[in-house]
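> can't give you the sequence, but here's the structure:
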């Protein structure tokens, strides 16, 4: 026979905290507390399996449920010495939802079940307070009718208002016991009228009605939306907890409260909470009365004149402190508890892991480890890696006023304020003038990069979480809000509009790249403060992790930031990012416009010294660490000017006609640039480009070696390889240049040549490619684009629909698609290692900084991940969690 | 000990025709003829392994080679009764190349080795003709010095000219034996002067010099280029054949000739060839004298007054007829033979499979099978499937004059002439006026389709073999030349220029889609003639093949053509091709411009009747066969107008501002449309589109059923599925519409729902997808684009470089990349069948009509291929060849 009901109370329970899938969080923890011998009102939990049965069987119950509930109810009666429906010593119960994941306030609750015209009289006697009893009864009727019978609230509110008017009464507190009795009678009439049948007096009917209502509330609209937002599967269902009522509102020795075992905002080890004398739980939340502090220390700190629980109820306080301490030690984590004191007796109603700020999580984890409560490893597992963003970037002060005009994607964390500018030049002008700019673009392209550097933050109206703007901003550690479809840019007129709101060039906006919000005006910021605990956790994480963590960086500033954040080398240096300085872009364009190889070589010769010194600097900063340099990757048209003014300017500088430039741009234009003439295809068509870059790398390495005395370890990476001969051809070019530079300088630089694995074919043919490649770096951005056939720059139009309709759990560009793209990675790892056992395997796509993806890369057996400098700490932490098998949040389980 | 030398002659041989890899084609067939007892001048073959050794070892030979050659030479001496270098009965030999693949004239040959100042005197006596002997000697010196010693031809030609001037002689025939003797002496002086040492008199030195020269010629520039053009691996190397000389120029009982055992142009069973009395092989080729016919019948047919071999050398003729017959019967194929008659004795010098026209191949194969010479299966294997194109399309008459102005890609076979037009409207106007047009575009898009229908052929300046123009043209069976980079279009001025040539709108051009040539003016055409043999071969092929063959077709005309060509259903009906009629495109645009679902539904309601009747027609034509209909696939922006005039027109018709259309077009614009908002993504975002299409399919099927009495079998195909839920969602829409239509009409139409497998992820997740999909159709075009990361519309810029540099053997869009894309197909087949054993598997990409790819699809175990109607016969033949394991030409081996 299936067990559908689990009892708890009186120092024992059939369930435990391990059974949260079956009993829900609340039920499992009630059972656990009962098992610990803590004072829990006795009760029972109807399992989530019943919920599944209920929905699979036209809202009916399994046959065994009724006898099991009857038996469990009997047990409560035995423990409490009360009887359900008994006119003398009636048992009252609460019926509460409780799902596997916390869904606070989303589902229904019914209290005081068992009250009726007879039992209310017992309550009058029991409480010695008729007004309390009738008030409780009318509240019960109201709640039950609304939740179970579907009689709308307003019927009852109107009835009370009319009664008060008729009797010239103002406040609810003005109503006497007799008044409430009259109102109860009015309520009953109303219910019979609206609902069509009288309010149920039979306690069993009340109980079963409430159970059905709570199961039914699993599918109410609020709950559905909450589940969508929090990725909670519908199939989980809710459990239902039926529990003997206890009352915090039975006079001055009664109370109710909530507390955290540590401060959830700072993490400090102090009992932190609030309580109210002679009140019910909802009063604490409702804010009608100001709650009192639990401890004297808190009362003094808050300057409150109301007594603390410590002084008002000293015995219960001592008992509560001991219980809180026991719970924290038992659960080995900060607990968020609810309690009620009924006439001097403490009852624990709930305990659960406490929600906390990133800062508090960090401090508590470190301190708990230092106290010996948890291990260092557990401390590391306690920190959600993504939450570190809050600690590393400025954020909008939580209490500040804000005027949100639009919301986009939270593309790069942190917040920034500045004047609206519409192009890179304006951003640079403002910076020169010591002013702050927010760069607003439809979408950015490589030529905007200098403007992105100059701006405080970036705002785009198109593009997703992995659009150019998003990726580059994250790399720079600058806030970015992308894909704000509601904004319209009219850059000619200098106007940015969001529906009725119109802002112009120079107006101040604030963007919050953590929430995706765009706000008018400057908003107060909270600056990041990196505590000592941060360093401690990182240290512990570094001891645990197997994966190396590198950074994607091109500029000395980025490389230095990467080192500060603990990067162990550069996993991706995108050489084309170095092409955009004024003198450089002119040479690049000259190369593109050249008629023949000779012309291209002449232009490349001008670029060589720039690239050489770039690389030399990177090698110096990364001294002792590997530096992976990717040869030119984007299609050449990305470097040509677009606007007529720019074209005219470039034409003048290059000594050609604007027509010539337009013609060349047209020639280079592509239908699908992502799948076009780029990557190693450029090196094969124009070997002189790869030659120049290889020369710059080797000469830069020689310079760095002579300066630092330490030989750099360049890893030269060939992008977009689909077939082995591509890599062979480009490697031959590199090897030849290496020999030449060695002969010219007398310095031998050890280097390796490898490839990006970013095309499905390359993943499949990894065995063959590994015959030549000494390392693979998975380019999971492009691999995702090609495996799924989704252009990340165009995905905005449909990916959102997919996620909102539940076709996709999450953006595959943010967290790797383990099933599809992941299999390609696994295939490539297996075949690559088989062909070359010591091949070095890394990943340099955006997923390299995503905790859930890092978990996958650990399991796939990669050697390192590489990510934006600002995500290096996140990656270090996630790598540690992955190494010890901790599931990163959001990861596929 | 390795055997490096294989002897033949005197009715026996160490080699055979099976050993063509080791002995080369010529050597293997000489051995075979010797084994057959045919009169072959004795000789030996030095193997291709020696060639490999030669190049791997700094042009030296294995130590065992010299003794083996000495022994083989000794054997020739024994058979001929002559001795190499002997002054009385000298043996003279020829040294000829002979590689595995025929490379006519690409490598070197040296004749008459063994001639020197002493042996020439023996030749004088032997031939009884001093002039002949000295002429032979001076020819030998010339040939040897040029080929082996590297003394340029002109030295000798000048010497002869000077001698003739000095002696007032005009023609070579004016020179006497004594004159040649003097010239020989002049030659020797010249050689000593230019070469630095005297002409070698020692026969052994001559022989080894010639062998080295022939091996060396494997790497001469002509040979290298030929190998590149014909995909012949460098590693194959050449063999060297050393053979006793025989002379066709020893008087009137001597002769030399070439012949085919059947007519290579028509395939008729008649000995077909030419010969010359008292001549050497080169004289037949050189064209100085007019060759005579072999048979009397041919002489009479040609109206020649010169005697045929049949009358001039009747005994030898009879013997030759018997040999030719024996060879054809032995090789069971048309032979191309060379022979020499030396003083009445027939010597066979070569036999090989004859090159023939497609028409001849067809007739000969069918007749040989009917004669019982080969089996029907062999007959089917004898026809190169691709050659059927020559039989099915009009072609430029081979003898016609042509003025080629540019060359592009042979994108769709056949040739056509017409007036130059620059847009679809002009093409339609010309057709209305009964005139012929060639549509010239940079690249075509779906809105050009009506113009492509109206034009005789299509010419584009961009795009590859699988560009839109190429694919659509092949589908229509219209000639197309694509990617003619040398052409410039100025459509505003109505000018098409190719370097110095300028053509204007209305000028006549001819395009040859079989060769890729663009010609000025109208060229004479040869119309296709489909013979009875064609039907016979097709019948035999159909008996052999396992793969079903369907066609890609949308219009009734295409569907009817497909049936005529033997298609067994439609494998791909691209519904969007039906969107371009004037009334339809207006409704499509109205849908795209609609502000909401209601507006879209209103527009779709207008499209419904068109689609319904389209489908009803297709079902009728394909009655009894399956019809696979793909739901809307391309991104919506493809349907919006582009030019200001069109935009203005559409705006007026739709009652919106041009600005609105431009804005919507801008919204829909994509960076990479190939990876954008298309395929099932449209059906998921706008379910009403899929609903309308499903309704049109089911209602059309009901109409067709009521009309024909036979229920159609629609297979509804969901494009671009990457994840299973996509297919689930769209299938649910289809199923719902199916139920609704069944309820409304009372007619139940059996249908299946499946998906394209055209993304790598779909291939990997085929097992999961097959839980829903009842069939897969591999979209290998898009699968190639995504697996290799190559946009086929942009590939022109680099794929050509890849092929010319040898990185790729062939265009992966023309022949499937078996290693990469092929593995994805294999994975999907395996996983799909595992999940659903009876899943139907087909392919509807361009590869479906490519013989080499069909071989792969047979091995991969697909159920059918689908291709353009005009390629259906090719596919039927290739499928038959694949079924019996015959390698289609060009296929990976």
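Happy to help now that I have it. Everything numeric in this text was worked out from a predicted model, so none of it was measured.
> now do the strands in the stretch 201-350 of chain A.
A:238-244, A:255-260, A:272-277, A:292-293, A:335-342, A:345-353 (DSSP state E, counting those that start in this stretch).
> tell me the strands beside the fourth one, with direction?
Using DSSP bridges, the strands paired with strand A:292-293 in its sheet are strand A:272-277 (antiparallel).
> dihedrals phi and psi, the closest residue to residue A:323 other than its chain neighbours?
Closest residue to residue A:323 apart from its sequence neighbours, by C-beta to C-beta, 6 or more residues apart in numbering or on different chains: residue A:38 at 5.8 Å. Yep, even glycine has a C-beta here, placed from its N, CA and C like the rest. Phi and psi for residue A:38, reported as degrees, to the nearest 10, are phi -80, psi 150.
> same check, this time on residue A:415
Dihedral angles (degrees, to the nearest 10) for residue A:415: phi -130, psi 160.
> swap in residue A:356?
With angles defined as degrees, to the nearest 10, residue A:356 sits at phi -150, psi 160.
> ok, back up a step: mean neighbour count, the strands of the stretch 201-350 of chain A: which tops it?
Highest mean neighbour count of the strands of the stretch 201-350 of chain A: strand A:238-244, a mean of 27 (counted as mean count of other C-beta atoms under 10 Å in any protein chain shown).
> can you give the contact residues for that strand?
Contact with strand A:238-244 is made by A:9, A:22-24, A:26-27, A:30, A:41-48, A:50-51, A:69, A:72-73, A:76, A:79-80, A:82, A:91-99, A:107, A:207, A:211, A:214-215, A:217-218, as judged by C-beta atoms under 8 Å, 6 or more residues apart in numbering or on different chains.
> ok, now stretch A:730-743?
Applying C-beta under 8 Å, 6+ apart, the set of residues contacting stretch A:730-743 from outside is A:631, A:680, A:683-684, A:687, A:690-691, A:694-695, A:698-699, A:702, A:716, A:718, A:747-749, A:751, A:753, A:772.
> are any of those residues buried, and if so which?
A:631, A:680, A:683-684, A:687, A:690-691, A:694-695, A:698-699, A:702, A:716, A:718, A:749, A:751, A:753, A:772 (16 or more other C-beta atoms under 10 Å in any protein chain shown).
> residue A:334 - how many residues pack around it?
Using other C-beta atoms under 10 Å in any protein chain shown, residue A:334 has 26 neighbouring residues.
> do you know how far the closest residue to it other than its chain neighbours is from residue A:382?
Excluding its sequence neighbours, the residue lying closest to residue A:334 (C-beta to C-beta, 6+ apart) is residue A:354, at 4.2 Å. Residue A:354 sits 12 Å away from residue A:382, going by C-beta to C-beta, to the nearest Å.
> joint contacts of those two?
By C-beta under 8 Å, 6+ apart, the residues touching both residue A:354 and residue A:382 are residue A:333.
> now stretch A:848-860: how far from the chain's centre is it?
Computed by C-alpha atoms, centre = their mean, to the nearest Å, the chain-centroid distance of stretch A:848-860 equals 15 Å.
> hey, which helix is longest across chain A?
Ranked by residue count and defined by DSSP state H, the top helix of chain A is helix A:597-621.
> let me see the mean pLDDT of that one.
Helix A:597-621 comes out with an average pLDDT of 96.
> the residue in the stretch 351-500 of chain A that chain B sits nearest to: what's it in contact with?
At 8.4 Å from chain B, residue A:443 is the closest residue in the stretch 351-500 of chain A, using C-beta to the nearest C-beta. Counting by C-beta under 8 Å, 6+ apart, residue A:443 touches A:460-463, A:467-469, A:793.
> out of these, which touch chain B?
Near chain B, judged by C-beta under 8 Å from any C-beta of the partner chain, the entries from these are residue A:793.
> now, which of the contacts of residue A:443 lie within strands?
If you go by DSSP state E, these have residue A:460 in strands.
> for the contacts of residue A:443, give me JSON lines that also has neighbour count and pLDDT.
Shown next, in JSON lines, are the contacts of residue A:443 (neighbours: other C-beta atoms under 10 Å in any protein chain shown; pLDDT from 0 to 100):
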{"residue": "A:460", "neighbour count": "28", "pLDDT": "93"}
{"residue": "A:461", "neighbour count": "21", "pLDDT": "89"}
{"residue": "A:462", "neighbour count": "24", "pLDDT": "83"}
{"residue": "A:463", "neighbour count": "28", "pLDDT": "74"}
{"residue": "A:467", "neighbour count": "26", "pLDDT": "75"}
{"residue": "A:468", "neighbour count": "24", "pLDDT": "80"}
{"residue": "A:469", "neighbour count": "29", "pLDDT": "87"}
{"residue": "A:793", "neighbour count": "21", "pLDDT": "84"}
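> now the strands for the stretch 401-550 of chain A?
Under DSSP E, counting those that start in this stretch, the stretch 401-550 of chain A gives strands at A:404-407, A:409-412, A:415-421, A:437-441, A:457-460, A:480-482, A:487-490, A:495-498, A:501-504, A:508-512, A:517-520, A:525-526, A:548-552.
> on contacts alone, who are the packing partners of the fifth one?
If I follow you right, that is strand A:457-460. Under the contact definition 3 or more C-beta pairs under 8 Å, 6 or more residues apart in numbering or on different chains; DSSP states H and E, strand A:457-460 sits against strand A:415-421, strand A:437-441, helix A:468-476, strand A:480-482, strand A:508-512.
> so for chain A, the centremost residue is which one?
In chain A, the C-alpha nearest the mean C-alpha coordinate belongs to residue A:386, at 6.2 Å (C-alpha atoms, centre = their mean).
> quick check, that one in contact with residue A:874.
Yes. Between residue A:386 and residue A:874 there is a contact under C-beta atoms under 8 Å: 6.4 Å.
> residues that sit against both of the two, list them.
Here residue A:386 and residue A:874 share the contacting residues residue A:851, scored by C-beta under 8 Å, 6+ apart.
> the residue nearest to residue A:15 when sequence neighbours are not counted is in what secondary structure piece?
Excluding its sequence neighbours, the residue lying closest to residue A:15 (C-beta to C-beta, 6+ apart) is residue A:31, at 3.4 Å. Using DSSP states H and E, residue A:31 maps to helix A:20-35.
> quick check: what element follows that helix along the chain?
strand A:43-46.
> name the helices or strands packed onto the next helix or strand after that following strand?
Going down the chain from strand A:43-46, the next helix or strand is helix A:48-56, by DSSP H and E. In this structure, helix A:48-56 packs against helix A:20-35, helix A:203-217, strand A:238-244, with contacts taken as 3+ C-beta pairs under 8 Å, 6+ apart.
> can you list the ones you listed in a markdown table and add mean pLDDT and distance to residue B:760?
Shown next, in a markdown table, are the helices and strands packed on helix A:48-56 (pLDDT from 0 to 100; distance: least, C-beta to C-beta, whole Å):
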| stretch | mean pLDDT | distance to residue B:760 |
| --- | --- | --- |
| helix A:20-35 | 96 | 36 |
| helix A:203-217 | 96 | 43 |
| strand A:238-244 | 97 | 40 |
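> give me whichever of those is most buried.
strand A:238-244 (a mean of 27).
> can you list the strands that it pairs with?
Partners of strand A:238-244 in the sheet, by DSSP bridges, are strand A:43-46 (antiparallel), strand A:93-99 (antiparallel).
> return the residues in contact with residue A:141.
By C-beta under 8 Å, 6+ apart, the neighbours of residue A:141 are A:156, A:184, A:187-188, A:191, A:199.
> quick one, which of the contacts of strand A:238-244 are buried?
For those, buried by 16+ other C-beta under 10 Å: A:9, A:22-24, A:26-27, A:30, A:41-48, A:50-51, A:69, A:72-73, A:76, A:79-80, A:82, A:91-99, A:107, A:207, A:211, A:214-215, A:217-218.
> coming back round to it: closest to chain B among the contacts of residue A:141?
Proximity of those to chain B was ranked by C-beta to the nearest C-beta; the top entry is residue A:156 with 40.0 Å.
> give me the contacts around the helix or strand containing residue A:645.
Using DSSP H and E, residue A:645 falls within helix A:644-654. Residues outside helix A:644-654 that contact it (C-beta under 8 Å, 6+ apart) are A:586, A:589-590, A:593, A:640-641, A:657-658, A:660-662.
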